[in-house]
Each structure stands twice: as C-alpha cells, then as structure tokens.
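Student: Structure for the following, please:
(one chain, ligands or ions: 1)
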Amino acid sequence: MATLGVNVDHIATIRQARGGREPDPIHAAVLAELAGCHGITAHLREDRRHMQDRDIYLLKQIIATHLNLEMAHTQEMVKIAIDVCPYMVSLVPEKREERTTEGGLVVRGKEEELAKSIESFKEHNILVSIFIDPDIKQIKSAARTGATHIELHTGYYANASGSAQEEELVRLQDAALAAHRLGLVVNAGHGLNYQNVTAVAQMDYVEELNIGHSIIARSSLVGLDVAVRDMLTLIE
Ligand code: PXP
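Tutor: Okay, the predicted model is just below:
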C-alpha cells in the first residue's frame, strides 16, 4: 500500500491571510498524524507566501512521522534544509506568479549543479527527491544526479478526463516502472483528490502520495481527522 504524506501548506495560507497566529500548521500536522498519515510535507517558498521558516523548524522538532521539505534549488534553501535536516527534501521548480507548482523540475542539462547539492544533502543523511513530469528523459537525468527518490507529477492525470486521463495514467505507470528499474524510489503527487486517488494508489512501485489541497479543503468542512481518514481509506 502507498503511504500518505499530508501537505499542510494551505493551513499556513489561511493563517497568512490575516497575518496572525491561527490556524497553525504545526497543530494541523499533529492532527493529521493522529488520524494516521505517514508523513508531513511542507513547501518553504522563496516568497514565504504560506510556510514560514519557524514552521519548518518546529515541524522538524514536533512531528512523530517524517518531514518532507519541498524547496526550490537555491543557495538560501539548501542552507536552510541542511540546518533543519528533514527526513527528505523534494526539489521543485518555483515561479513567483504561479498559484501552485505548475510542472516538474527540468533536470536535463542541470544534472551537475543538482548533483553537488544532492551530495551535500546525502552527507547530512537527508534523502533527496526530485519532482518531475512522467517523462523518461527527465527520469534518466534524475537518476544521474544521485537523487534517491523522484516524485511523479500527477497534475496532468488529475486535470484530464475520460480516455485522456487513462492515457495519463499509463504514462505515470510507465514512468514509475522506468524509475524503479533505475533504482529510484517513486513517490507521486499534485492534484490528487478523493475522486482520482485510487488509480494512482494502485500503481506498482509508488511508495508515497503527497496530498495537500483536497485534504485541507475537505477538512474545512468535516475536520482534518475525518478528511485524512477518508483519504487513507481510499488509498488502502
Ligand atoms: N507534490 C508537490 C511537489 C507539490 O508542489 C504539491 C503542491 O504543493 C503537492 C505534491 C500537493 O499538491 P496538491 O495540493 O494539489 O495535493
């Protein structure tokens, strides 16, 4: 069974809307863990639009599962990540004007510069995942960087419907198999919700699903405990 990492960024988004202290993503992370999730994911963006530095340091200290820190590959973020020492960093592309991460990281042509940072993460016992499109060229490049994991971008699958969605699912399956053969651990995420998660959870070689928006959206209506448990039931 794939495990579930809950992304708590959107709790911070609500907090930042008023600039106060609530709701606190640390509380959300603890509640998600008590509901049975297997990990907590948080994205420290360069513009600090939701998670703040304090959140990342506190998450590391407080959560009982593992912390997956999403970050852009910048000097500032590499420094913070090594200081926080999360279980895993996930390298993602970042654009100021986007609402959420739009595509996978383009790894081709950047293998050497990524490999340097990945080496120093590994020296600090931090696992490294790269968020990429389900594209064989990107997967091969990711394997060359020394990354331990990839996270397959499921957004194209999530946004498609009918036969186009089935095609995207096949693309994800082929990508997962290729990555597995190259020795990469495969995670997946983006746009997964209560309607579309099952097919991805059933895919071979997918270890962990990172899900944020749909769980936090449902939690605003039914509470985080129920929202996380409902998602776990579907994944199981
Ligand atoms: N994985 C990555 C790399 C992401 O950037 C995000 C969004 O922060 C997610 C997963 C979760 O996506 P969603 O909020 O659509 O579930």
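Student: Going by C-alpha atoms from here, please, whenever you check contacts or count neighbours.
Tutor: Will do.
Student: mind checking the SS state of the residue nearest the centre of the chain?
Tutor: The chain has residue 210 as the residue nearest its centroid, 4.6 Å off, counting by CA atoms, centre = their mean. Secondary structure, DSSP: H, G, I helix; E, B strand; the rest coil: residue 210 is strand.
Student: Show me what from this structure comes close to the ligand.
Tutor: Listed as neighbours of the ligand in the chain under the rule CA under 6 Å from any ligand atom: 92, 100-101, 131, 189-192, 210-214.
Student: Can you tell me which of those residues is nearest residue 182?
Tutor: The closest of the residues of the chain next to the ligand to residue 182 turns out to be residue 131 (CA to CA; 15.9 Å).
Student: isn't the closest one right up against residue 104?
Tutor: Yes. Residue 131 is within contact range of residue 104, at 5.3 Å (criterion: CA atoms under 8 Å).
Student: So for these two, which residues contact both of them?
Tutor: 92, 152, 153 (CA atoms under 8 Å, 6 or more residues apart in numbering).
Student: ok, so of those residues, who is nearest the ligand?
Tutor: Closest to the ligand out of the shared contacts of residue 131 and residue 104 is residue 92 (5.9 Å), distances taken as CA to the nearest ligand atom.
Student: For the closest one, give me its contacts.
Tutor: Residue 92 sits next to 70, 71, 72, 73, 101, 104, 105, 130, 131, 132 when contact means CA under 8 Å, 6+ apart.
Student: quick one: the helices in the protein?
Tutor: For the chain, the helices defined by DSSP state H occupy 9-18, 25-34, 53-62, 75-84, 111-123, 136-145, 155-159, 162-181, 197-201, 213-222, 224-235.
Student: Save those helices as a markdown table, and put in mean pLDDT and mean neighbour count too.
Tutor: Shown next, in a markdown table, are these (pLDDT from 0 to 100; neighbours: other CA atoms under 10 Å):
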| stretch | mean pLDDT | mean neighbour count |
| --- | --- | --- |
| helix 9-18 | 97 | 18 |
| helix 25-34 | 98 | 21 |
| helix 53-62 | 98 | 16 |
| helix 75-84 | 98 | 15 |
| helix 111-123 | 97 | 16 |
| helix 136-145 | 97 | 20 |
| helix 155-159 | 97 | 19 |
| helix 162-181 | 98 | 17 |
| helix 197-201 | 98 | 18 |
| helix 213-222 | 98 | 16 |
| helix 224-235 | 98 | 18 |
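Student: Kindly state which of the ones you listed is positioned closest to residue 45.
Tutor: With respect to residue 45, and counting by CA to CA, the nearest of these is helix 75-84 at 8.7 Å.
Student: next one: that closest one to chain centre, how far?
Tutor: 17 Å (CA atoms, centre = their mean, to the nearest Å).
Student: and for that helix, what are the contacting residues?
Tutor: 46, 56, 57, 60, 69, 71, 89, 117, 121, 124.
Student: and the angle for it with helix 53-62?
Tutor: Interaxial angle, helix 75-84 versus helix 53-62 (axes from the mean of the first three to the mean of the last three CA atoms, to 10 degrees): 30 degrees.
Student: hmm, back to that, filter the contacts of residue 92 down to the ones in strands?
Tutor: The strands, defined by DSSP state E, take in 70, 71, 130, 131, 132 from the contacts of residue 92.
Student: Please render the contacts of helix 75-84 as a markdown table that adds distance to residue 200 to the earlier fields.
Tutor: A markdown table is the format used below for these (distance: CA to CA, whole Å):
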| residue | distance to residue 200 |
| --- | --- |
| 46 | 30 |
| 56 | 28 |
| 57 | 31 |
| 60 | 28 |
| 69 | 22 |
| 71 | 24 |
| 89 | 22 |
| 117 | 30 |
| 121 | 29 |
| 124 | 32 |
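Student: and of the residues you listed, the nearest to the ligand?
Tutor: Taking the contacts of helix 75-84 together and measuring to the ligand by CA to the nearest ligand atom, the closest member is residue 71, at 8.7 Å.
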